[in-house]
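Peer 1: build me a model from this:
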Amino acid sequence: MLIVVWLLAALYTSSLLHRGWVPHDEGTLAQSAERALAGELPHRDFDDPYTGELSELNALAFRVWGANLASPRIILFVFFLLWVPVVYSIALRFASALGAAAVTVLAVAWSVPNYTAAVPSWYNLFFATFGTAAALRFLETERRGWLFLCGMCGGISFLFKLPGLYFVAAVLLVLVLREAMLVRRDPEISRPSHAYRRFLRLGLGVFLVAVCAIVRWELSLITVVVFLLPIGAIAALCWREGLRFSPAASVERFASFFRMVIPFLLGVVLPVALFLVPYVHSGSVHNFLYGVFVLPGRRLELASRRPPGYGLNKLVATAALVYLLAVGTSARVRLARVGRVLVIALLATVLIASAYYPRVLQLASSPLLLLFPTTVLAGAYVLIRAEALGVLRRQQLMLLITVAALGSLIQVPFSASIYFCYAAPLLALALLAVLATRPRRSAFVLGTVAVFYTAFAVLRITPSFVYAMGNYYQPDRQTKRLNLGRAGGLRVDPQEAAVYERLIPLVEEHARGTGFTYCAPDCPEVYFLAGVRNPTRTIFDFFDEPVGRTERVLGGLGPHDVQVIVILTRPPFSPPMAADLRAALVDRYPESQQVGRFEVRWR
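Peer 2: Numbers count the residues shown, from 1 in each chain. Predicted structure coming up:
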């Protein structure tokens with residue numbers, strides 16, 4: 001069964017590997033990788049939007065497969081192939097081989113095929129899954145080497161992108177709960193644990209404050225329900241179990257907790273420490289810390305989006321899906337043949353109608369976001385009420401719902417539909433773990449829902465690409481091969497292809513072999529596709545310090561003999577170019593030509 005699923009996933013995803021692009025995403029990844037390949041250090045020499053490991057990995061891809069936009073996708077595909085069997089192995093703990101295969105196919109359909117760019121969020125998903133598998137092995141074997149490996153997955157995930165720390169926090173919460181379960185089984189200890197309980201209160205308090213600080217920028221009712229409510233439920237569960245009176249003394253509880261935490265944190269620290277070696281040698285650790293933890297705060301003002309609002313119709317659709325799942329796990333409800341025909345007919349009608357009516361598509365996809373809090377709250381309820389589950393099964397369930405709850409935060413602060421896909425497989429595994437706690441399950445109902453949402457992803461979500469995803473269906477427009485030397489054969493929208501196939505030769509013509517040009521705001525793909533270098537450290541303009549920016553930019557053009565510049569008139573995130581900088585550039589580069597949204601100027 002695994003081999004069949006693996007082959008299907010490989011064939012399906014490989015057919016989409018060169019399909020589609022978001023130009024500034026591709027430009028960011030490619031320019032960062034090229035600068036790393038040239039020996040520049042992320043954050044020290046240029047403003048890497050992410051932690052830095054992705055730039056080094058993509059630089060390796062350039063070295064192996066050449067400097068083109070397809071190379072990072074190849075290495076992403078390699079990691080994807082490693083990820084699929086790990087998803088299957090996790091699912092197999094809670095379902096039959098057929099059920100695990102269905103969940104794996106569902107996870108694949110809602111993941112990489114929807115957007116095959118090598119963005120770091122996919123690596124956050126991969127390493128969260130790898131780490132979850134290692135944590136499950138620890139729970140089963142109690143060998144702390146698995147915890148060390150789990151920690152390494154968390155540390156490596158952080159090196160790709162800051163949300164890797166969410167997985168680290170999730171595992172720490174699970175270890176809190178595991179310690180509470182273990183200590184109550186020990187009848188030998190008879191002293192109270194006041195110091196440990198104070199320590200736990202402090203730790204959970206800091207955790208909740210940190211989560212609120214992450215979400216506060218996009219605070220609304222829907223963000224409270226989707227993000228804060230499930231994470232608050234997890235914290236409350238840890239609070240309830242960890243602070244419940246225990247006969248264990250604090251020293252024993254600290255020892256029990258840190259016997260697990262220390263190997264895990266050592267695993268987290270090791271890859272981070274190795275990555276920081278060149279920063280230590282060059283005395284630029286402060287650049288790394290500023291670029292990773294401080295500078296990203298600037299994107300909250302411009303590159304952010306709240307989750308969509310939920311009206312009555314979307315709430316009814318969500319309730320209908322939850323009811324259907326409840327029917328599938330109820331020992332009292334059995335669907336007759338007529339009921340089964342009605343369920344199939346209803347879902348088939350929704351699938352067909354969603355191609356023609358955007359409201360139907362939105363209603364079909366709207367319950368998925370609310371499944372995060374629903375699944376986590378249901379799992380927390382099971383953990384409180386179902387003591388008969390057994391210690392191992394309860395810990396496994398706690399792990400999966402916690403990883404899903406914290407993993408959902410990757411949608412903050414930019415809750416576009418594609419960001420749901422970065423956490424959707426974690427949700428699928430958590431929902432499976434919750435459903436598996438029910439003694440009787442309807443394979444028909446649950447299988448029908450899984451088939452529907454797999455088909456919905458393949459036939460309605462994936463073809464629409466990231467711009468229309470979740471809003472309306474449109475046939476695949478990413479059909480034109482981008483005929484540029486460094487494009488790597490990517491298939492893009494024909495209108496975009498026409499623009500870039502005019503723009504890039506024009507830039508190359510007027511660059512006159514100087515090797516440098518200036519492209520702004522927020523169009524890093526032009527540098528890479530034209531094979532020219534950026535004379536500044538900035539990739540996205542909103543990362544740059546606004547004070548004195550005009551002088552810095554103009555001062556960098558002369559020494560690098562910049563002959564041509566490109567101005568993006570409608571940038572995706574940053575505001576339009578400052579008036580004084582634009583006026584100075586127009587004066588210095590008087591000749592111009594408009595190509596789509598781009599204004600090319602030269603002298």
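
Peer 1: going by C-alpha atoms from here, please, whenever you check contacts or count neighbours.
Peer 2: OK.

Peer 1: per-residue pLDDT, residue 579?
Peer 2: Here, the pLDDT recorded for residue 579 equals 94.

Peer 1: look up how far residue 551 lies from it.
Peer 2: According to Cα to Cα, to the nearest Å, residue 579 and residue 551 sit 13 Å apart.

Peer 1: for residue 475, same thing?
Peer 2: Residue 475 sits 47 Å away from residue 551, going by Cα to Cα.

Peer 1: go on, residue 519?
Peer 2: 16 Å.

Peer 1: between those two, which has more neighbouring residues?
Peer 2: Each of residue 519 and residue 551 has its neighbours counted (other Cα atoms under 10 Å); residue 519 has more, 24 against 12.

Peer 1: what helix or strand is that one on?
Peer 2: In this assignment (DSSP states H and E), residue 519 forms part of strand 518-520.

Peer 1: what's that strand packed up against?
Peer 2: strand 564-568 (3 or more Cα pairs under 8 Å, 6 or more residues apart in numbering; DSSP states H and E).

Peer 1: so what secondary structure elements neighbour the strand it packs on?
Peer 2: For strand 564-568, the packing partners by 3+ Cα pairs under 8 Å, 6+ apart are helix 494-511, strand 518-520, strand 598-602.

Peer 1: want to try JSON lines for these, with distance to residue 339 and mean pLDDT as columns?
Peer 2: Below are these laid out as JSON lines (distance: least, Cα to Cα, whole Å; pLDDT from 0 to 100):
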{"stretch": "helix 494-511", "distance to residue 339": "46", "mean pLDDT": "96"}
{"stretch": "strand 518-520", "distance to residue 339": "59", "mean pLDDT": "95"}
{"stretch": "strand 598-602", "distance to residue 339": "57", "mean pLDDT": "97"}
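
Peer 1: just these: most buried one?
Peer 2: Most buried of those by mean neighbour count (mean count of other Cα atoms under 10 Å) is strand 518-520; its value is a mean of 23.

Peer 1: and the helix or strand that that strand is followed by, average pLDDT?
Peer 2: Toward the C-terminus, strand 518-520 is succeeded by helix 524-530 as the next helix or strand (DSSP H and E). For helix 524-530, mean pLDDT rounds to 97.

Peer 1: alpha carbons of the following helix or strand past helix 524-530, in PDB - could you do that?
Peer 2: Per DSSP H and E, the first helix or strand lying C-terminal to helix 524-530 is helix 549-557. Output in PDB follows, covering the C-alpha atoms of helix 549-557 (Å, rounded to 0.1, in the frame of the first residue of the first chain):
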ATOM      1  CA  ARG A 549      17.700  55.300   2.200                       C
ATOM      2  CA  THR A 550      17.700  57.600  -0.900                       C
ATOM      3  CA  GLU A 551      21.300  58.600  -0.200                       C
ATOM      4  CA  ARG A 552      22.400  55.000   0.400                       C
ATOM      5  CA  VAL A 553      20.800  53.800  -2.900                       C
ATOM      6  CA  LEU A 554      22.200  56.600  -5.000                       C
ATOM      7  CA  GLY A 555      25.600  56.300  -3.400                       C
ATOM      8  CA  GLY A 556      25.800  52.600  -4.400                       C
ATOM      9  CA  LEU A 557      25.000  53.100  -8.000                       C
END
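
Peer 1: from the chain's centroid, how far away is helix 549-557?
Peer 2: Offset of helix 549-557 from its chain centre (Cα atoms, centre = their mean, to the nearest Å): 35 Å.

Peer 1: next one: stretch 585-603
Peer 2: With Cα atoms, centre = their mean, you get 37 Å for stretch 585-603.

Peer 1: and the contacts of it?
Peer 2: By Cα atoms under 8 Å, 6 or more residues apart in numbering, the residues outside stretch 585-603 that reach it are 499, 502-503, 507, 510, 563-570.

Peer 1: nearest to residue 132 among the residues you listed?
Peer 2: Distances from residue 132 to these, taken as Cα to Cα, are shortest for residue 570 (41.8 Å).

Peer 1: contacting residues around the closest one?
Peer 2: Neighbours of residue 570 in contact, by Cα under 8 Å, 6+ apart: 576, 597.

Peer 1: then residue 214?
Peer 2: Residue 214 neighbours (Cα under 8 Å, 6+ apart): residue 412.

Peer 1: quick check: pLDDT value at it.
Peer 2: 87.

Peer 1: hmm, back to that, in CSV: the helices and strands packed on strand 564-568, plus distance to residue 409.
Peer 2: What follows is these, written out as CSV (distance: least, Cα to Cα, whole Å):
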stretch, distance to residue 409
helix 494-511, 32
strand 518-520, 30
strand 598-602, 35
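
Peer 1: quick one: closest of the ones you listed to residue 165.
Peer 2: strand 518-520 (31.8 Å).

Peer 1: just checking: what are the partner strands of the closest one?
Peer 2: strand 564-568 (parallel) (DSSP bridges).

Peer 1: helix or strand next in line after the partner strand, which one?
Peer 2: Assigned by DSSP H and E, the successor of strand 564-568 is helix 579-588.

Peer 1: quick check: next helix or strand after the lowest-mean-pLDDT helix or strand in the chain?
Peer 2: For the chain, the helix or strand with the lowest mean confidence is helix 299-302, at a mean of 68 (criterion: mean pLDDT, DSSP states H and E). Heading C-terminal from helix 299-302, the first helix or strand you meet, by DSSP H and E, is helix 312-328.

Peer 1: which other helices and strands does that following helix contact?
Peer 2: Packed next to helix 312-328, using 3+ Cα pairs under 8 Å, 6+ apart, are helix 358-385, helix 443-456.

Peer 1: any idea which of those helices is most buried?
Peer 2: That would be helix 358-385, which, of the helices and strands packed on helix 312-328, has the most neighbours on average (mean count of other Cα under 10 Å), namely a mean of 20.

Peer 1: show me what that one is packed up against.
Peer 2: helix 229-243, helix 312-328, helix 337-353, helix 391-407, helix 424-435.

Peer 1: now those helices in CSV, with distance to residue 515?
Peer 2: Listed next are the helices and strands packed on helix 358-385 as CSV, based on distance: least, Cα to Cα, whole Å:
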stretch, distance to residue 515
helix 229-243, 50
helix 312-328, 53
helix 337-353, 52
helix 391-407, 42
helix 424-435, 43
